[in-house]
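> Everything below, folded, please.
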Amino acid sequence: MAFELPALPYDYEALVPFMSKETLEYHHDKHHKAYVDNGNKLAADAGLSDLSVEEVVKKSYGTNQGLFNNAAQHYNHIHFWKWMKKDGGGTKLPGKLETAIASDLGGYDKFKADFIAAGTTQFGSGWAWLSVKDGKLEISKTPNGENPLVHGASPILGVDVWEHSYYIDYRNARPKYLEAFVDSLINWDYVLEMYEAAAK
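As a prediction, the model looks like this:
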């Protein structure tokens with residue numbers, strides 16, 4: 001199943017002032033497109049073109065670094081665009097998520113602090129995650145394009161902390177970007193959709 005660059009689920013100015021049109025144009029049209037183009041070539045070379053992106057990520061982990069980097073980043077970004085929306089974020093979570101965050105992570109405020117800390121302390125490029133593992137929510141961070149799929153978990157929310165995701169808008173203030181992401185951008189409905197799928 002060839003990788004395809006998905007259209008953004010909103011226009012390029014929908015996330016202003018928290019994420020600029022310029023950031024989305026570079027991040028989606030250039031960076032994500034490069035992962036798709038390179039991933040398709042490398043998947044074809046490895047004879048894995050007919051697999052889903054999740055299967056390619058798992059199969060290439062630890063065996064084909066170039067393919068893994070591009071396939072994992074493609075997977076991450078497919079969801080990253082959907083994890084954001086205009087007028088998103090904040091504390092109005094769907095009830096089921098609110099309950100799970102309270103029981104597994106100590107409540108919304110602790111989730112927010114720990115999620116931002118994971119993104120802030122990821123040295124260099126990478127991601128911070130909220131995932132379901134063994135039926136419980138957990139927060140983690142990964143380097144580069146790595147994601148929880150290869151650690152036996154199902155990601156339900158991720159934030160990109162590669163510099164190209166925030167440098168135009170926030171320069172080196174990564175914590176400020178992460179706060180804006182949690183407070184103003186998260187699409188909790190999509191997080192719930194992934195949570196329900198992971199909890200099955």
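
> In this protein, which helix is the longest?
Longest helix of the chain, by residue count under DSSP state H: helix 65-82.

> Next, the buried residues of it.
67-82 (16 or more other CB atoms under 10 Å). Yep, even glycine has a C-beta here, placed from its N, CA and C like the rest.

> which outside residues touch that helix?
Applying CB atoms under 8 Å, 6 or more residues apart in numbering, the set of residues contacting helix 65-82 from outside is 3, 6, 8-9, 28, 31-32, 34-36, 38-39, 42-43, 45-46, 48, 53-54, 56-57, 60-62, 127, 144-147, 149-150, 155, 158-160, 187, 190, 194.

> try stretch 41-56
By CB under 8 Å, 6+ apart, stretch 41-56 touches 1-3, 39-40, 59-60, 64, 66-67, 70-71, 74-75, 78, 149.

> Mind picking the lowest-pLDDT entry from those residues?
Comparing pLDDT over those, residue 1 scores lowest. The value there is 74.

> quick one, phi/psi of the nearest residue in space to it that is not next to it in sequence?
With sequence-adjacent residues excluded and distances taken as CB to CB, 6 or more residues apart in numbering, residue 1 is closest to residue 52, at 5.6 Å. Here the main-chain torsion angles of residue 52 (degrees, to the nearest 10) amount to phi -70, psi 160.

> One more: residue 157?
phi -160, psi 130.

> who touches it in this structure?
Taking CB under 8 Å, 6+ apart, one finds 83, 115, 129-130, 186, 191, 194 in contact with residue 157.

> Which residue, neighbours along the chain excluded, lies closest to it?
Here the residue nearest residue 157, using CB to CB, 6+ apart, is residue 130, at 4.0 Å.

> What of residue 166?
residue 177 (3.9 Å).

> Quick one, which of the contacts of helix 65-82 are buried?
3, 8, 28, 32, 35-36, 38-39, 42-43, 46, 48, 53, 56-57, 60-61, 127, 144-147, 149, 155, 158-160, 187, 190, 194.

> Just the ones in strands from the residues you listed, please.
127, 155, 158-160 (DSSP state E).

> now those residues as CSV including pLDDT and distance to residue 107?
Below are those laid out as CSV (pLDDT from 0 to 100; distance: CB to CB, whole Å):
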residue, pLDDT, distance to residue 107
127, 98, 23
155, 98, 21
158, 98, 21
159, 99, 19
160, 98, 25
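
> from the contacts of residue 157, which two are the most distant?
Spatial extent of these (CB to CB) is set by the pair 115 and 194 at 15.2 Å.

> can you name the two of the ones in strands among the buried ones among the contacts of helix 65-82 that are farthest apart?
Going by CB to CB, the pair spanning these furthest: 155 and 160, at 12.2 Å.

> Sketch out the low-pLDDT regions of the protein for me.
Along the chain, no part satisfies pLDDT under 70.

> Helices along that one, start to end?
So, for the chain - with DSSP H - the helices run 21-24, 33-45, 53-60, 65-82, 95-105, 108-121, 167-170, 174-180, 188-198.
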